[in-house]
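Engineer: I'd like to go over a predicted model; first the sequence, then the structure.
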Amino acid sequence: MPDIQTALTTALTQSRVREIPADWDETNSTKESTVKQLFQPSNNVTRETFNFVRDNPGHTAKQIKTHMVARGFNDSSVGSLLGQLVRSSMLELHMSSKTYRALTKEYTPIKISTLKLSRTLEKKAAKKAAQVPKPPNAVAGIATLNAPHTQATSRQPTTIRQVIESLNVKEAHELYRELKTLFG
């Protein structure tokens, strides 16, 4: 059985590869200390959407989406980005005319923390606006069924006949059972 070096040399001579590629040679290779960019970004929909609104102020969301779809971007992505850019204060939405305009000259990447903070503040404001103050001693819903039975008159019954007449059927039946157990 041949040793490993002999076996590898034989395998290399019999294979189709006749020479060692140059990039395997350590003496000829130059090692770069910086990481080069492996691809050129070609689909920056956020930057393109911002630039379009900046260059064409006064368009509605529908018009912006139409132009961006014609450029090859996704309709829902553009709509979502318009909202994000408004929340991050890069775009402004005029509520009366539903048109957009840029508030800054250049696009800067959207910070996720800024979006989360603005969403949290929006939710808190909406929740606060939606809360309706309740009257202090209001009884509502199922609690109404469990509310103590009150009479229209403020007088307390003084005779046994008045006590019996003030009871509802359930209370009268409970009274009957209690009296039956006491007196047999």
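Structural biologist: Looks like it came in fine. Predicted model, so just to flag it, every value in this text is computed and none were measured.

Engineer: low-scoring stretches of this structure, by residue?
Structural biologist: 1, 15-43, 110-115, 132-155, 157 (pLDDT under 70).

Engineer: all helices in it, in order from the N-terminus.
Structural biologist: In the chain, helices defined by DSSP state H lie at 4-14, 45-55, 61-70, 75-87, 112-130, 143-146, 160-166, 169-183, listed in chain order.

Engineer: Quick one: residues in contact with the fifth one.
Structural biologist: Helix 112-130 is touched from outside by 84, 87-88, with contacts defined as CB atoms under 8 Å, 6 or more residues apart in numbering. Bear in mind the C-beta positions are built from the backbone N, C-alpha and C, glycine included.

Engineer: Now tabulate those in TSV and tack on distance to Glu165 and neighbour count.
Structural biologist: Output for those, formatted as TSV (distance: CB to CB, whole Å; neighbours: other CB atoms under 10 Å):
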residue	distance to Glu165	neighbour count
Gln84	70	19
Arg87	67	18
Ser88	72	19
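
Engineer: ok, of the residues you listed, which one's closest to Arg54?
Structural biologist: Arg54 lies nearest to Ser88 out of these, by CB to CB, at 14.2 Å.

Engineer: how near is that closest one to Lys116?
Structural biologist: Using CB to CB, to the nearest Å, Ser88 is found at 11 Å from Lys116.

Engineer: ok, now Thr108?
Structural biologist: Distance of Thr108 to Lys116, computed by CB to CB: 17 Å.

Engineer: Ser89 too?
Structural biologist: Applying CB to CB, the value for Ser89 to Lys116 is 14 Å.

Engineer: Repeat that for Thr104.
Structural biologist: 20 Å.

Engineer: ok, Arg161 - how many residues close by?
Structural biologist: Neighbour count of Arg161, defined by other CB atoms under 10 Å: 9.

Engineer: same question but for Thr49, I mixed them up
Structural biologist: Neighbourhood size, Thr49 [other CB under 10 Å]: 27.

Engineer: check contacts around it.
Structural biologist: Applying CB under 8 Å, 6+ apart to Thr49 gives the contacts 64, 68, 73, 78, 81-82, 85.

Engineer: Now, of those residues, which are buried?
Structural biologist: Judged by neighbour count, with 16 or more other CB atoms under 10 Å as the criterion, the buried members of the contacts of Thr49 are 64, 68, 73, 78, 81-82, 85.
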